[in-house]
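Visitor: Dropping the sequence and predicted coords here.
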Amino acid sequence: MNKLKKAFCILLTLILIFTFQPIAFAGEANTELKFDKNGEFTILHLTDWHCAYPLPAVHKQLVLEAIAAAKPDFVVLGGDLSEAAPEDQPAAIKEICEILVDAKLPFVITFGNHDYMHDYTIDEMFAFYKEYGGEYFIGTDEKPELFGCGTCSLPVYSNDGSRVAYNIYCFDSGDRTIEDGENKGYDSVHADQIEWYKEKAEELKNENGGQYVPAVVFQHIIVQEIYDKLFPATDKTDGNGVMKYEGKQFQMKPFPNLSNIKKGYTFEHPCPGYHNYGQLDAMSKNGDVRAIFCGHDHYNSFEVEINGVDIVNTPSIKPHILLRKINWGPRVITLHEDGGYESMVLMACMLAENEDSQLVDVGAVSRTELFIVKVWKGLVDNSLKFWEKVTDKLYDF
């Protein structure tokens, strides 16, 4: 009888454990970043919202349809999000965070220059995202003494969880460079952040059998070397069309050198930081970083390879003027466990053509605009090869 009672107690205990265990963990978010069984990991890059409060229907609808289409594992908010009044800023950030929390998506933010323009410090802004994102906000200010706030490293584990197969670096690229009371231009990823990256890359390398771990980088402001690829250097120090960057001058031609663009569009001059602290040099030397994804320049969606690193611009999700609606939408990035990656812009005008899309219903785009943009996109795509040859020849002189 005692043996029977003992067996019954053990059985009852096991039943209770397996019955109530799911309940105990039902509310916990799974925020570990990990490749799926196909060796893929999908990131949605949503940048430059520049939205009012309450959140406009167009922004929310575009984000919801982008999430449905991309089915991301992770979201990067690329900065310059809310432009709400100071008293509404916390509520505006809460609105943004709720979209991702409701979708049960882990996310981070890389601050933009406009995020510095509120009546809050950047640390206070970060605290709002942390509060309202709850367990789904997985960004950290990994080393608080570094420039800015929110610079961090996020490992993406292999499907079997045995190793870090990819790494995601997030940088705060700041606001503007003010020297001697003069506004020199935009800011950059600073020297102390770059040293931190080099230490982190070596740490991951040592844990990976002496091989650098493949990585991607997210930041708001693009690297300065983009001008070396797109515009000619000049000896002029002033005059119309001359941009100055820490001792370098570039002649701003009407068109960049399109032959150096791998894919995508450029509808405005990029706006890099004034100082170059050596970020691209460090990452190119290591050979671990596959791409640096930036926002900031709303109408650009180009990919340019510089010294083995792809420099990729993600356009704004704020609606553009008609002919720039080609570039309106977030970017989807698919990392591959073997170290590769691919990306594309989820163009809002293409999403709006889906049968269940509500972008037209919320007034984001009209059927007429969809038709015009589709025709315009076809004309641009068919003429790109011609303009690549023209600008390549033009820059030979």
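Guide: That came through fine.

Visitor: For Asp310, give me its contacts.
Guide: Asp310 makes contacts with Lys262, Arg290, Ala291, Ile292, Glu303, Val304, as judged by C-beta atoms under 8 Å, 6 or more residues apart in numbering. Placement of C-beta: from N, CA and C, glycine included.

Visitor: what's the answer for Lys205, then?
Guide: Gln211, Tyr212, Val213, Asp288.

Visitor: wait, doesn't the last one sit right on Ala201?
Guide: Which is Asp288. Yes - between Asp288 and Ala201 there is a contact under C-beta atoms under 8 Å: 5.6 Å.

Visitor: Spit out the residues that contact those two alike.
Guide: Common neighbours of Asp288 and Ala201 (C-beta under 8 Å, 6+ apart) are Asn167, Tyr212, Val213, Ala215.

Visitor: and those as a markdown table, adding neighbour count, distance to Ser383 and secondary structure?
Guide: Below are the shared contacts of Asp288 and Ala201 laid out as a markdown table (neighbours: other C-beta atoms under 10 Å; distance: C-beta to C-beta, whole Å; DSSP: H, G, I helix; E, B strand; the rest coil):
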| residue | neighbour count | distance to Ser383 | secondary structure |
| --- | --- | --- | --- |
| Asn167 | 22 | 39 | strand |
| Tyr212 | 16 | 40 | coil |
| Val213 | 20 | 41 | coil |
| Ala215 | 26 | 36 | strand |
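
Visitor: my guess is Gly161 contacts Leu33, does it?
Guide: No - Gly161 is beyond contact range of Leu33, at 10.9 Å (criterion: C-beta under 8 Å).

Visitor: What does Gly273 show for phi and psi?
Guide: Gly273 adopts backbone torsions of phi -80, psi 150, taken as degrees, to the nearest 10.

Visitor: which non-adjacent residue is nearest it?
Guide: Spatially, and ignoring its direct neighbours in sequence, Gly273 is nearest to Ser188 (3.0 Å; C-beta to C-beta, 6 or more residues apart in numbering).

Visitor: Around that neighbour, how many other residues sit close by?
Guide: By other C-beta atoms under 10 Å, the residues close to Ser188 number 28.

Visitor: I'd guessed it sits against Glu225; true?
Guide: No - here Ser188 does not reach Glu225: they are 11.2 Å apart, not a contact under C-beta under 8 Å.

Visitor: joint contacts of the two?
Guide: Joint contacts of Ser188 and Glu225 (C-beta under 8 Å, 6+ apart) are Pro272, Asn276.

Visitor: need the helices for the stretch 201-350 of the chain, in chain order.
Guide: With DSSP state H, counting those that start in this stretch as the criterion, the stretch 201-350 of the chain has helices at 226-230, 279-286, 348-351.

Visitor: Switch those helices over to JSON lines; also include mean pLDDT and distance to Phe147.
Guide: Listed next are the helices of the stretch 201-350 of the chain as JSON lines, based on pLDDT from 0 to 100; distance: least, C-beta to C-beta, whole Å:
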{"stretch": "helix 226-230", "mean pLDDT": "95", "distance to Phe147": "21"}
{"stretch": "helix 279-286", "mean pLDDT": "98", "distance to Phe147": "12"}
{"stretch": "helix 348-351", "mean pLDDT": "94", "distance to Phe147": "34"}
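
Visitor: if I've got this straight, Asp192 is in a helix?
Guide: Yes - Asp192: assigned to a helix according to DSSP: H, G, I helix; E, B strand; the rest coil.

Visitor: where's it relative to Gly247, distance?
Guide: 22 Å (C-beta to C-beta, to the nearest Å).

Visitor: Who has more neighbours out of the two?
Guide: Asp192 (15 against 6).

Visitor: wait, what's in contact with the nearest residue to Val216 once chain neighbours are set aside?
Guide: In space, and not counting its chain neighbours, Val216 is closest to Ala291: 5.2 Å by C-beta to C-beta, 6+ apart. Ala291 is in contact with Val216, Val217, Glu303, Val309, Asp310, Ile311, Val312, Ile333, Tyr341, Ser343, counting by C-beta under 8 Å, 6+ apart.

Visitor: what do you get if the cut-off is 7 Å, keeping everything else the same?
Guide: Taking C-beta atoms under 7 Å, 6 or more residues apart in numbering as the contact definition, Ala291 lies against Val216, Val309, Asp310, Val312, Tyr341.

Visitor: ok, it to Pro54 distance?
Guide: For Ala291 relative to Pro54 (C-beta to C-beta), the value is 34 Å.

Visitor: and if you look at Asn300?
Guide: For Asn300, the distance to Pro54 - C-beta to C-beta - is 29 Å.

Visitor: Neighbour count for those two, which is higher?
Guide: Asn300 (27 against 12).

Visitor: Need the per-residue pLDDT for that one.
Guide: Listed pLDDT for Asn300 reads 97.

Visitor: Please verify my assumption that it contacts His269.
Guide: No - using C-beta atoms under 7 Å as the test, Asn300 is too far from His269 to be in contact (9.0 Å).

Visitor: residues touching Glu32, list them.
Guide: Tyr157.

Visitor: Spit out the contact partners of the nearest residue to Gly134 once chain neighbours are set aside.
Guide: Sequence neighbours aside, Val101 is the residue nearest to Gly134 in space, at 6.2 Å (criterion: C-beta to C-beta, 6+ apart). Val101 is in contact with Gly133, Gly134, Tyr136, counting by C-beta under 7 Å, 6+ apart.

Visitor: Am I right that Val101 is in a strand?
Guide: No - the assignment for Val101, made by three-state DSSP, is helix rather than a strand.

Visitor: Wait, a helix at Glu199?
Guide: Yes - assessed by three-state DSSP, Glu199 belongs to a helix.

Visitor: Make 23 the first number, not 1, from now on.
Guide: Done: numbering now begins at 23, and the last item shifts to Glu221.
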